[in-house]
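J.: Just the structure for this:
(one chain, ligands or ions: 2)
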Amino acid sequence: MKKIAPSILSGDLLNLSNEIKLLKEADVDLIHIDIMDGIFVPNITAGWNIVEAIKSRTDIPLDVHLMIDRPERYIDDFIKSGADILTVHFEGTTHIHRVVERIRELEASPGVAINPGTPVDFISEILNYIDMVLIMSVNPGFSGQEFIYSSLFKIEKLRRIISQRELETQIEVDGGIKIINIADVSNSGADIFVSGSGIFGADDYLATINEMRDRI
Ligand code: DX5
Ligand code: ZN
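T.: Ligands and ions are numbered 1, 2, ... in the order given. Okay, here's the model as predicted:
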């Protein structure tokens, strides 16, 4: 089952409870929350308090994407605050295996993200330990950037590796996904589609999400 994960911090920040309500009406599978620290990426969003606040308003599973340096410092806080899936960047830590094991130990679902410049082969050894790989299709840091088309080859390659090894690992793709390109992302082998401006920039979220569903 393919899943849509709206990136909620692209929504109206002063009206988040209403945004959550609309996502519930659209029956989305996950809510994606982008955490940026101003060091790993050139932008700052929020800390685990935002995860806690969103968790208190919804039962939709929370897909937390940590774009932070040395995420091992904050894994426990984000999981305690309600992250169901916790994704860390391969490039953000020296000890990716240890971080992933800690996420598992705290009973959240571990994901590993890779930037556009990081080859898929770099995560080969960690694949057996995680539930999800997040392929960034923009350079992380900002919503509203152009989808990098060469990401499609990375998705295809990763899909082949996962199938050959008979793993259940899901492929999530994040950055620049819109109605016009979601079919290409899906055909390349993605399972989970993050969209920020593609959904929150539209007048009618429900219609947009339904159109995305039709195309995948
Ligand atoms: C990029 C974030 C994305 C982004 C999505 O750094 O990880 O989740 O906000 O926004 P769009 O879909 O507008 O690229
Ligand atoms: Zn993200």
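
J.: Look up the pLDDT of Leu167 for me, please.
T.: Predicted confidence (pLDDT) for Leu167: 98.

J.: nearest spatial neighbour of it, skipping sequence neighbours?
T.: Once flanking residues are discounted, Leu167 sits nearest to Leu127: 6.2 Å by Cβ to Cβ, 6 or more residues apart in numbering. For the C-beta atoms, the positions are set from N, CA and C on the backbone; glycine is no exception.

J.: With Leu206 instead?
T.: Using Cβ to Cβ, 6+ apart, the nearest residue to Leu206 is Ala26, at 4.7 Å.

J.: isn't the one you found right next to Asn210, touching?
T.: Yes. If you go by Cβ atoms under 8 Å, Ala26 and Asn210 touch, sitting 7.5 Å apart.

J.: ok, back up a step: might you report the residue contacts of the residue nearest to Leu206?
T.: Tyr205, Leu206, Ile209, Asn210 (Cβ atoms under 8 Å, 6 or more residues apart in numbering).

J.: and the second one, which of the three is it?
T.: Leu206 falls in the helix class when you classify it by DSSP: H, G, I helix; E, B strand; the rest coil.

J.: and the gap between it and Ile171?
T.: 26 Å (Cβ to Cβ, to the nearest Å).

J.: Helices along the protein, start to end?
T.: Taking DSSP state H, the helices of the chain run over residues 16-25, 48-55, 75-80, 96-105, 151-164, 182-187, 197-200, 205-215.

J.: residues from the chain in reach of ligand 2?
T.: Contact residues (Cβ under 5 Å from the ion) of the chain with ligand 2: Asp34, His65, Asp174.
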